[in-house]
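Enquirer: need a 3D model of the following:
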Amino acid sequence: MSFTDGIFGKMESIPIEEVLKFKDPLAKFRREYKFLIPRRILGEVLGYLADDFYYSRSGENSVCHYKSVYYDTDDYKFFRQHRQGKFNRIKVRTREYGNRISSTFVECKMKVRGMRTQKDRSPIDTFAGVLDKDFIHDKLSSYGLTVDDLTKETIIRYNRIFLISKDFKRRVTLDFDIYAKNKGGGEVEIVPEYCVLEVKDHRYPKEVGAFLKRTYGIRRTGFSKYCVSLCVLNDSLKRNKWKQILKKYC
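Expert: So this is what the prediction gives:
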């Protein structure tokens, strides 16, 4: 029996096929706000969101299975950019969306001026870890890099619950069962007793933030699955930015 059984309560569902009919206003640019919430309160949080959000499903499945392969340079340039809080930083990955849309993409995710997130992606035929060079060449060249500078660094598998607002303008994801594996073969579960709640919007979600703080004392956090996974799997990397997360949740 999964801890997600029966958690949706009065929240209405919507087929993912219906969601995909609407143009995503957050597809190109958005802001992302993350909160780490204990699994035991997930049902209560979904109850709070139920009036304004649907949960998506594929057939009878409300939980989607994701797999991402993150790439970096030999000296972890992308990791270091994030740790140092650089503007105009980048992450490169291939991602399999599993039973949500049964598609695989190569993606470039950039943090641009104003800390907005820009995500560009292109479909690929297989999840073989082969980057689409034509797609990412221009993105990497602005960082003085080429595809040949990248190596497959970390594989991250996780489950996701996907919510969409009833006006189709905002999205919320809840990630859990997060497992990371590095190229050396080491594997670890990240934040095992928690869900990563992420609000994707054009502005800070005041109502959600206030509810989590007032009810549970939970504040927004700077969490990165890739960076936290690297910190856990590689003791040689500097980790001060995520020290409190590693101490409290890992």
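Enquirer: is it true that residue 123 touches residue 103?
Expert: Yes - here residue 123 reaches residue 103: they are 6.0 Å apart, a contact under Cβ atoms under 8 Å. No exception for glycine: its C-beta is placed from N, CA and C like everyone else's.
Enquirer: could you list the low-confidence segments of the chain?
Expert: Applying pLDDT under 70 to the chain flags residues 1, 99-102, 114-115, 126-130, 132-133.
Enquirer: what's the neighbour count on the residue lying closest to residue 201 once chain neighbours are set aside?
Expert: Excluding the flanking residues, the one nearest residue 201 by Cβ to Cβ, 6 or more residues apart in numbering is residue 170, at 4.9 Å. Neighbour count of residue 170, defined by other Cβ atoms under 10 Å: 21.
Enquirer: who touches residue 170 in this structure?
Expert: Neighbouring residues of residue 170 by Cβ atoms under 8 Å, 6 or more residues apart in numbering: 26, 53, 164, 199-201, 205.
Enquirer: kindly reformat those residues as TSV containing secondary structure and neighbour count.
Expert: Formatted as TSV, the contacts of residue 170 follow (DSSP: H, G, I helix; E, B strand; the rest coil; neighbours: other Cβ atoms under 10 Å):
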residue	secondary structure	neighbour count
26	coil	16
53	strand	21
164	strand	21
199	strand	22
200	strand	20
201	strand	18
205	coil	18
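Enquirer: just these now: which is nearest residue 71?
Expert: residue 200 (22.8 Å; Cβ to Cβ).
Enquirer: hmm, that closest one is touching residue 164, no?
Expert: No - proximity of residue 200 to residue 164 does not meet the contact threshold set by Cβ under 8 Å, at 9.8 Å.
Enquirer: right, I'll leave it there.
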